[in-house]
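[1] The sequence and its predicted three-dimensional model are supplied below.
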2 protein chains.
Amino acid sequence: MSVIETCHRCGTRYEDEFRVRCGCGEPLWIESEATTFAWDDGGDRSGIWRYESLLPIDRPDGVARAAGGTPLVRSPGLDDVAGGRVFVKDESENPTGAYKDRGSAVAVPHAIAAGDDVIGTVSYGNMAISTAAHATSLDRECIVFVPEDISRVRLELIGQYEPTIIRVSGGYGELYGDALELSERLPISVLVSDAPTRISGYKTALFEICESFAPETPDVIALPASSGGFASGVWLGVRELERAGLIDEPPRLCLVQTAAADPLTRAFEDGATDPTPMSPDETGETIAHSIGNPDPPSGARALAAVRDTGGAVVSVTDDEIRTARRQFAVEGGFCVEPASATTLAGVSRLADRGEVSAGESVVLVPTGTGFKELGTGGTDVTAETVHRTDLPARLESLLP
Amino acid sequence: MSVIETCHRCGTRYEDEFRVRCGCGEPLWIESEATTFAWDDGGDRSGIWRYESLLPIDRPDGVARAAGGTPLVRSPGLDDVAGGRVFVKDESENPTGAYKDRGSAVAVPHAIAAGDDVIGTVSYGNMAISTAAHATSLDRECIVFVPEDISRVRLELIGQYEPTIIRVSGGYGELYGDALELSERLPISVLVSDAPTRISGYKTALFEICESFAPETPDVIALPASSGGFASGVWLGVRELERAGLIDEPPRLCLVQTAAADPLTRAFEDGATDPTPMSPDETGETIAHSIGNPDPPSGARALAAVRDTGGAVVSVTDDEIRTARRQFAVEGGFCVEPASATTLAGVSRLADRGEVSAGESVVLVPTGTGFKELGTGGTDVTAETVHRTDLPARLESLLP
């Protein structure tokens, strides 16, 4: 299948070569050439493959079949906190527990079809887990580049799929550029966070949300933002649905960052089109590991997405994230990772500023499950001990 | 909505009272009164609510909306091990990562509608997590009864939803009977593993599998077996689809137990209709915590399900479970808990005995995600360290 890539900024088209970045420096994406699309076209296909005609590969076998198709859940228990009518798009219900599977399900088979026998990725979290799972399910080698000081828990999460894991010393933060160069020169596809085929996978999250609301469109969609890859995919989805005449007014894309690393928030507030990378001195520690990115490679595109849709970028503190994570669990029944909890905290902040109003439909997208590292945090939970024979009396005292 | 319960063994019907067990001692279930059902009736509803007309409650709000709708994935990488054409029904893609959500999504709202403000459950694993999540999402109190020696990790997994957790000393294994008695006497619904409304939720897994295959029917469905509740639900689903004329020949239900606690396997091999409870002396330790049940309350019904469908019950060792878990990850790309890995090990054993043949379609149902406790097991993962500047040379030596 021929694939045409375009640049969101300068409009350059690439038809004969597959690249990650445009000559102007911006990341590329694949705009579907399909001129018509209707919701019914999905037929009885499931997950992201409902939109197969808009994707750059044919549906493969293996775990990729299980990507997407996550539920959208009306969650009234979160309305008061969020300040709108909350819907949760639960991306933890993907095969490796994160939205990353949408990207891997497209990018890994695409790289294999392009002739690379070895798949790589630069990640020590959800993207590493997802990429390794998808590669091994298609019987391909995978090499995962992780930081030297990766935790034992993370190694075990990634290692179960038996990729080659390489701890990289001497500048993990600069691996993004190295990966692009190595992928061009060696028989390996290192699928970085904003690889064009990943972006194609991510747009399906927007398609699913809009199909669930059709013929209405939600007012606000809130995502955590790190590399800007997911936001890019959602924006690509918006553009394709607008072109197909399936939405009129796009949902406002609201991106939420951790205050510890928030170059997009700073650029948004400054009115800048490009984020300024944050130095190590400016970057703090955060419990939202998945999004602590001081130099987002798709940052300019994410900012363009926000402005095009009339959205916003906000930052939240670790304390706000802890509170929001608890609210997701206790008011919503959802176990989300800290990075995902930012969505609720961020929308709450927007509501306080009057940028979300009570009647509006607000879609929160928790991007990853909280189960992966939950039992390792050392949270204390109180639980009294009662002898079985004393249970009836103790229960009577507890019940209304 | 009025609910009529029946007994699988003696056929007694209960119309005016809601009970867990029949007068004959067997657990009850709710047989749908619907006389007609077609796959199209599901319309655009998602998850278990595609089958709302066959369920004893109307679709509630909250996390219950996210239950079910899990993908069925053709997984050729597992064919050689299983000895048939493998499909994985990935139940980890439920809101709390386990099939238990299907049961909780029906049982919790049903108990609330019946007037009980407090929900309880007897579990220290997936059922506790699921029940607590569903109760809090509907703004109801939940009391979870756990063993005295529960691990800190489990406490944290359950505790995130903030139920009241009571550690029970002096005979945790006997709490099933206590729970039924307490539920009758006090304003609490303790939803045990084979509560009739849970069984109603579990039947939707069978509906989804059969709808995916329609108009064909899979040859074999393999489930882990513990209380016998899930097997009962799947059998109830088979019966209802047969009555609706949607399947002719039922799939063979194959139940897999851990060799450490396998009263169903023993009864099946002895030709007994009822399992004999295993004593503490006979019961071993196992890595498949979720299914180490020496006294399954729905055991007789599970055995009847197997015999009615021409299936089998087999046991597998912890070593076989470890191997199967690795195969699920490395050949399939799925992260499953040890109890779920039994399905692959069990089918492999049946294939060795000639009870599964190469052309047959085999649905493995991993019932829960392996992510919940993965990073806590202390597995060693090897990973070399390479300096960033040495990476190109090292990669060249690794690549083909």
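    Structure received. Numbers count the residues shown, from 1 in each chain, chains lettered A, B, ... in the order given.

[2] From what I see, residue A:247 and residue A:217 are in contact.
    Yes: using C-beta atoms under 8 Å, residue A:247 is in contact with residue A:217, at 4.8 Å. In short, each C-beta sits where N, CA and C put it, glycine included.

[3] what's the overlap in contacts for these two?
    With contacts taken as C-beta atoms under 8 Å, 6 or more residues apart in numbering or on different chains, the residues that reach both residue A:247 and residue A:217 are residue A:210.

[4] what stretches of the stretch 101-250 of chain A score poorly on pLDDT?
    Flagging of the stretch 101-250 of chain A using pLDDT under 70 yields an empty set of residue ranges.

[5] that older thread, who has more neighbours, residue A:247 and residue A:217?
    The residue with more neighbours, out of residue A:247 and residue A:217 and counting by other C-beta atoms under 10 Å in any protein chain shown, is residue A:247; that gives 21 against 18.

[6] Let me see the backbone angles for the more buried one.
    Main-chain dihedrals, residue A:247, degrees, to the nearest 10: phi -140, psi 150.

[7] Give me the pLDDT for residue A:376.
    We have a pLDDT of 60 for residue A:376.

[8] before we move on, what about residue A:33?
    The per-residue pLDDT of residue A:33 was computed as 79.

[9] Burial check on it, number of neighbours?
    Neighbour tally, residue A:33, other C-beta under 10 Å: 10.

[10] from memory it sits against residue A:6, does it?
    No: applying C-beta under 8 Å, one finds residue A:33 not in contact with residue A:6, separated by 10.6 Å.

[11] Start from the N-terminal end of chain A and give the helices.
    Listed in chain order, the helices of chain A (DSSP state H) span residues A:79-82, A:100-113, A:126-137, A:152-159, A:175-185, A:196-213, A:229-243, A:263-270, A:299-308, A:318-327, A:338-352, A:391-398.

[12] Quick one: those helices as JSON lines, columns for mean neighbour count too.
    Listed next are these as JSON lines, based on neighbours: other C-beta atoms under 10 Å in any protein chain shown:
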{"stretch": "helix A:79-82", "mean neighbour count": "19"}
{"stretch": "helix A:100-113", "mean neighbour count": "28"}
{"stretch": "helix A:126-137", "mean neighbour count": "30"}
{"stretch": "helix A:152-159", "mean neighbour count": "21"}
{"stretch": "helix A:175-185", "mean neighbour count": "16"}
{"stretch": "helix A:196-213", "mean neighbour count": "25"}
{"stretch": "helix A:229-243", "mean neighbour count": "24"}
{"stretch": "helix A:263-270", "mean neighbour count": "20"}
{"stretch": "helix A:299-308", "mean neighbour count": "23"}
{"stretch": "helix A:318-327", "mean neighbour count": "20"}
{"stretch": "helix A:338-352", "mean neighbour count": "26"}
{"stretch": "helix A:391-398", "mean neighbour count": "14"}
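
[13] Compile the ones you listed into TSV and extend it with columns for distance to chain B.
    Supplementary listing: the helices of chain A in TSV, determined by distance: least, C-beta to the nearest C-beta, whole Å:
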stretch	distance to chain B
helix A:79-82	11
helix A:100-113	9
helix A:126-137	3
helix A:152-159	3
helix A:175-185	6
helix A:196-213	8
helix A:229-243	18
helix A:263-270	23
helix A:299-308	23
helix A:318-327	8
helix A:338-352	12
helix A:391-398	6
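
[14] Next, format these as CSV and append distance to residue B:59.
    Rendered in CSV, the data for the helices of chain A read as follows (distance: least, C-beta to C-beta, whole Å):
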stretch, distance to residue B:59
helix A:79-82, 19
helix A:100-113, 26
helix A:126-137, 31
helix A:152-159, 35
helix A:175-185, 45
helix A:196-213, 14
helix A:229-243, 27
helix A:263-270, 38
helix A:299-308, 34
helix A:318-327, 24
helix A:338-352, 24
helix A:391-398, 30
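
[15] Now do stretch A:261-278: distance to the chain's middle.
    Averaging C-alpha coordinates over stretch A:261-278 and over its chain gives two centres that are 19 Å apart (C-alpha atoms, centre = their mean, to the nearest Å).

[16] next one: stretch A:316-327
    Using C-alpha atoms, centre = their mean, the offset of stretch A:316-327 from its chain centre is 18 Å.

[17] again, but for stretch A:351-371
    Averaged over its C-alpha atoms, stretch A:351-371 has a centre that lies 15 Å from its chain's centre (C-alpha atoms, centre = their mean).

[18] buried ones in that stretch?
    Applying a neighbour-count criterion of 16 or more other C-beta atoms under 10 Å in any protein chain shown, one finds A:351, A:355-356, A:360-371 buried in stretch A:351-371.

[19] so how far is the first residue of it from its last?
    One end of stretch A:351-371 sits 29 Å from the other (C-alpha to C-alpha, to the nearest Å).
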